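Engineer: any chance you can model this:
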Amino acid sequence: MATWGEIVVLAGGAPVTTPRDAARDAARDELVKADYHRHDPSIQERVVNWVLDRIDDALGALAGGGTTGTTGLVLFLVVALVIGAALWWRLGAPKRAARTDLGVFAGAGPRSAAEHRAEAERHAAAGRWAEAVREQMRALVRGLEERTLLDPRPGRTADEAAAEAGRALPEHAAALVAAARVFDDIAYGERTADQAAHQLLRDLDRTLERARPVLAPAAGGAA
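Structural biologist: Predicted coordinates for the structure are as follows:
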């Protein structure tokens, strides 16, 4: 006698016996269709729900629900660390995100490239590498402005200066981007400054002083 799931009834009412495996495969294929899952929670919603469940478990443990207070506290701290790591990964380092709002010359008075270079050397001689890197980057950008390779613009970030100068000095575009990255990492607290970082910016500044810009082709020139 055929079991339930092995019999398919035709439109006319006549039963047809179907092998068990074929019936199971047909049911599985039907259930995986998108129409049955349009309202399923997204991956992000599942992660949030999982985190909330862990918080609920930790709070229950703190209340003495089956575990000691110490165990509950450990669970709560673990969950808090997981949430903090997730937010850090999702939002990025706060100081790195803030770099787009701060220019190279933020907090600095009007100075020439030579003045910034001299200040960088004084900081370097005293072993204040973070200040030396900051002043050296300012000297580099101010030097490009004084040569009219960059238009003077308050609030310009190191990344923007590198991108704009790289178009006029394509041979040094990669070095400019690397210098801007070093400046950002140090200026916004994610990397410890050292002599090598200052030397990298100092050498690039000297190289750019001798670099010749690539002139853009005149509009409407001969084909």
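Engineer: helices of this structure, start to end?
Structural biologist: 20-31, 43-62, 69-91, 94-97, 113-125, 129-146, 158-168, 173-187, 195-210 (DSSP state H).
Engineer: which of these comes out lowest on mean pLDDT?
Structural biologist: The stretch with the lowest mean pLDDT among the helices of the chain is helix 94-97, at a mean of 47.
Engineer: please name the residues that touch Ala130.
Structural biologist: 186-187, 193 (C-beta atoms under 8 Å, 6 or more residues apart in numbering). Placement of C-beta: from N, CA and C, glycine included.
Engineer: same deal with His172?
Structural biologist: His172 neighbours (C-beta under 8 Å, 6+ apart): 165-166, 204, 207-208, 211.
Engineer: do Met137 as well
Structural biologist: The neighbours of Met137, taking C-beta under 8 Å, 6+ apart as the test, are 104, 158, 179-180, 183, 187, 201.
Engineer: wait, which of those residues is closest to Thr148?
Structural biologist: Lowest distance from Thr148 to the contacts of Met137 (C-beta to C-beta) belongs to Val104, with 17.4 Å.
Engineer: now for Val182, how many residues are close by?
Structural biologist: 21 (other C-beta atoms under 10 Å).
Engineer: ok, now Gly127?
Structural biologist: When neighbours are counted by other C-beta under 10 Å, Gly127 registers 10.
Engineer: domain parsing for this protein?
Structural biologist: For the chain, the structural domains run 1-29, 43-91, 101-210, going by automatic domain parsing.
Engineer: what comes up buried for stretch 184-195?
Structural biologist: The neighbour-count check on stretch 184-195 (16 or more other C-beta atoms under 10 Å) flags 184-188, 191, 193 as buried.
Engineer: ugh, typo on my part, it should be stretch 102-111
Structural biologist: In stretch 102-111, the ones that count as buried by 16+ other C-beta under 10 Å are 102-105, 111.
Engineer: just the ones of these in strands?
Structural biologist: Using DSSP state E, no member of the buried residues of stretch 102-111 sits in strands.
Engineer: wait, which of these is closest to Arg122?
Structural biologist: Arg122 lies nearest to Arg111 out of these, by C-beta to C-beta, at 12.9 Å.
Engineer: how about the nearest residue to the closest one, chain neighbours excluded?
Structural biologist: Arg142 (7.1 Å; C-beta to C-beta, 6 or more residues apart in numbering).
Engineer: distance of the spatially closest residue to Asp194 that is not a sequence neighbour from Ala120?
Structural biologist: Nearest residue to Asp194, sequence neighbours excluded (C-beta to C-beta, 6+ apart): Trp129, at 5.4 Å. Distance, Trp129 to Ala120, by C-beta to C-beta, to the nearest Å: 10 Å.
Engineer: with Ala178 instead?
Structural biologist: Plainly put, Ala178 is 18 Å away from Ala120 if you go by C-beta to C-beta.
Engineer: more neighbours, those two?
Structural biologist: Legend: neighbour count by other C-beta under 10 Å for Ala178 and Ala120, higher for Ala120 (25 against 14).
Engineer: ok, back up a step: look at the residue nearest to Asp194 and say how many residues are nearby.
Structural biologist: 19.
Engineer: check contacts around it.
Structural biologist: Contacts of Trp129 by C-beta under 8 Å, 6+ apart are 123, 193-195, 197-198.
Engineer: any idea which of these is closest to Val78?
Structural biologist: If you rank these by distance to Val78 using C-beta to C-beta, Ala193 comes first, at 34.7 Å.
Engineer: noted, bye for now.
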